[in-house]
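> my questions are about this predicted structure, shown below with the sequence.
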Amino acid sequence: FIIPRRLRIDFSTLCQLNCKTCYMRLSNNGTMGYGYLKFENFYKLINENPEIREIETSNSGELFLNPDLIDIVKYAYEHNVALTAYNGVNMNTVTDIQLEALVKYKFKGLTISIDGASNEVYEIYRQNGKFDVVLDNVKKLLYYKNKYRSQYPINRWQYIIMQHNEKDIVKAK
């Protein structure tokens, strides 16, 4: 029996957006259900499985809608468990406290989904989202990285090319 060192767990399947082709919206929340990982369950998972070293936290919802996120990130850091969200976050509702916690507790990395170079183009797919809000949140994250002199989280940019945003690729870069 091999005990895994790396896991993938959706920390949240909640999402405030209504992206046109998202399987979670098209199939009544997909196969994942609709909720978030509670700190008490994360605590139990880590304490009962000390060999876990890395967890991918994103896939089917928006990570930052988990109300227990800061406690989870801090506990993971204290127990040498690296967290990533390389499957993507939309950063429309992240708080300053959450952003600071990502840096302070060395959240390993994020893929930030920004599929446009203006509100008009971004909102065609990421309905209920705001391009300007996302950019402001990215700037805040960079502020905290500078404040703490940290390379973490490593930030990646995801741009899903669709017919309506192809013309914005150069501007987005």
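Received it, and whenever you're ready, just let me know what you need. All values derive from a computational prediction rather than experimental measurement.
> could you show me where the strands are in this protein, in order?
Counting by DSSP state E, one finds strands in the chain at the ranges 6-8, 54-56, 82-89, 109-113, 154-158.
> I'd like these written out as TSV, with mean neighbour count added.
The way it works is simple: take the backbone N, C-alpha and C, and place the C-beta from them, glycine included. Compiled in TSV, those are given as follows (neighbours: other CB atoms under 10 Å):
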stretch	mean neighbour count
strand 6-8	13
strand 54-56	19
strand 82-89	20
strand 109-113	21
strand 154-158	14
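> out of those, which is closest to Asn119?
Closest to Asn119 of the strands of the chain, according to CB to CB: strand 109-113, at 15.0 Å.
> and the closest one with strand 154-158, angle?
20 degrees (axes from the mean of the first three to the mean of the last three CA atoms, to 10 degrees).
> quick check: mean pLDDT of strand 109-113?
The average of the pLDDT scores along strand 109-113 is 94.
> show me where pLDDT drops low in this protein?
Along the chain, segments meeting pLDDT under 70 span 1, 19, 21-33.
> ok, longest helix in it?
Using DSSP state H, we find that the single longest helix of the chain is helix 131-147.
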